[in-house]
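J.: the sequence and its predicted three-dimensional model are supplied below.
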Amino acid sequence: MTTETAHKPKTYKKGTVYPLPVTQLQVDLDQPRKSIDSAELEALKRSIEEKGLLYPVLFRVDENNNFILVSGERRFRAFESLGKETIPAMLVGSERYDEVALVDNILRVDLHPVDEAEALDKLRTKYDYTQEQLGTMIGKAQNTVADILGLMKLTQEIRDDARHRKELSRSALLKIARMRANGQRKAYDALVTSLSTPKKEIKRPRLNITKKTITSTDNTLKCVKSIDLDSLGGDREAVVSKLQELLHEIQNKLGSIGG
């Protein structure tokens, strides 16, 4: 989001955040909050003091160039109570509820790529936001906005299904959106299948060790332990050779297991 300094009078840009003077921002009398819970307000004030304002309030400019608050009265009251001089505020084109709700939703909710595309497309087509204004609003370059809007080329059927699948990325959906409509469904189904099919685990072959094999191994180990090389005399060299051969075979067996 781009932030500019607000001074009266001037031309304001939709989707841009301005540091508005708190004393100049007026609550819309036609849409006031009935009440603001004092405990919630205190909690919000503490959060603002610790972390700052996470989302800007929304405002419009009326015919007399007044700043009219259209969304975020609780945040505004918290700033006012804290004695802040300015508050981050984003301009929307009007007080129309659906436009305000769209902008507020885009800013405050982690939208699925399809939902984000539809929201931005509605602002562009119904409320005349340019790609530059949309980019400023969401803090992204115009080419990224173009990519997001490109998802609108997906068929309605695919969009309706995709919005419920969190594992689908924007880049994967964009590849399908760039295809012809009659080929999108097949590619989409293949994508969904590939993401939902669990990858096979590579299983190492298990050793088929029988009771007889274990007994034989135990006996060999006992024999080796019982050998006294110093008492073998002239047979010592031959026994050492056999032990080395046995050691070599054991190492080979263990090596094949580690594979």
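T.: Received the coordinates, thanks.

J.: name the spans of the chain whose pLDDT lies under the cut-off.
T.: 1-10, 30-35, 94-95, 199-211, 229-234, 236, 238, 240-241, 248, 251-259 (pLDDT under 70).

J.: wait, doesn't Ile138 sit right on Gln131?
T.: No. Between Ile138 and Gln131 there is no contact under Cβ atoms under 8 Å: 10.9 Å. Any C-beta I mention is one placed from the backbone N, CA and C, and that applies to glycine too.

J.: for Phe59, what are its contacts?
T.: Counting by Cβ atoms under 8 Å, 6 or more residues apart in numbering, Phe59 touches 20, 25, 67-70, 89-92.

J.: joint contacts of Ile138 and Gln131?
T.: Common neighbours of Ile138 and Gln131, using Cβ under 8 Å, 6+ apart, are Val145.

J.: check which helices and strands the helix or strand hosting Lys186 sits against.
T.: Element membership for Lys186 (DSSP states H and E) is helix 181-196. Applying 3 or more Cβ pairs under 8 Å, 6 or more residues apart in numbering; DSSP states H and E, we find helix 181-196 packed against helix 156-162, helix 170-177.

J.: the helix or strand where Asp115 lies: which residues count as buried?
T.: Element membership of Asp115, judged by DSSP H and E, is helix 113-126. Buried residues in helix 113-126, counted by 16 or more other Cβ atoms under 10 Å: 113-121, 123-124.

J.: and the angle from that helix to helix 170-177?
T.: 70 degrees (axes from the mean of the first three to the mean of the last three Cα atoms, to 10 degrees).

J.: which elements pack onto helix 113-126?
T.: Looks like helix 113-126 contacts helix 97-108, helix 131-138, helix 142-150, helix 156-162, helix 170-177 (3+ Cβ pairs under 8 Å, 6+ apart).

J.: deepest-packed of the ones you listed, please.
T.: Greatest average neighbour count among those goes to helix 131-138 (a mean of 20), per mean count of other Cβ atoms under 10 Å.

J.: among the helices and strands packed on helix 181-196, which comes closest to Asp228?
T.: Across the helices and strands packed on helix 181-196, the minimum distance to Asp228, taken as Cβ to Cβ, is reached by helix 170-177, at 70.5 Å.

J.: show me what that closest one is in contact with.
T.: With Cβ under 8 Å, 6+ apart as the test, helix 170-177 has contacts from 113-114, 147-148, 150-154, 158, 162, 184, 187-188, 191.

J.: how far does that helix sit from the chain's center?
T.: Centroid displacement of helix 170-177 relative to its chain, using Cα atoms, centre = their mean, to the nearest Å, is 16 Å.

J.: that one vs helix 181-196, what angle?
T.: Using the same axes, to 10 degrees, helix 170-177 lies at 150 degrees relative to helix 181-196.

J.: hang on, the earlier thing: can the helices and strands packed on helix 113-126 go into TSV with extra columns for distance to Thr217?
T.: Below are the helices and strands packed on helix 113-126 laid out as TSV (distance: least, Cβ to Cβ, whole Å):
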stretch	distance to Thr217
helix 97-108	67
helix 131-138	67
helix 142-150	64
helix 156-162	58
helix 170-177	53
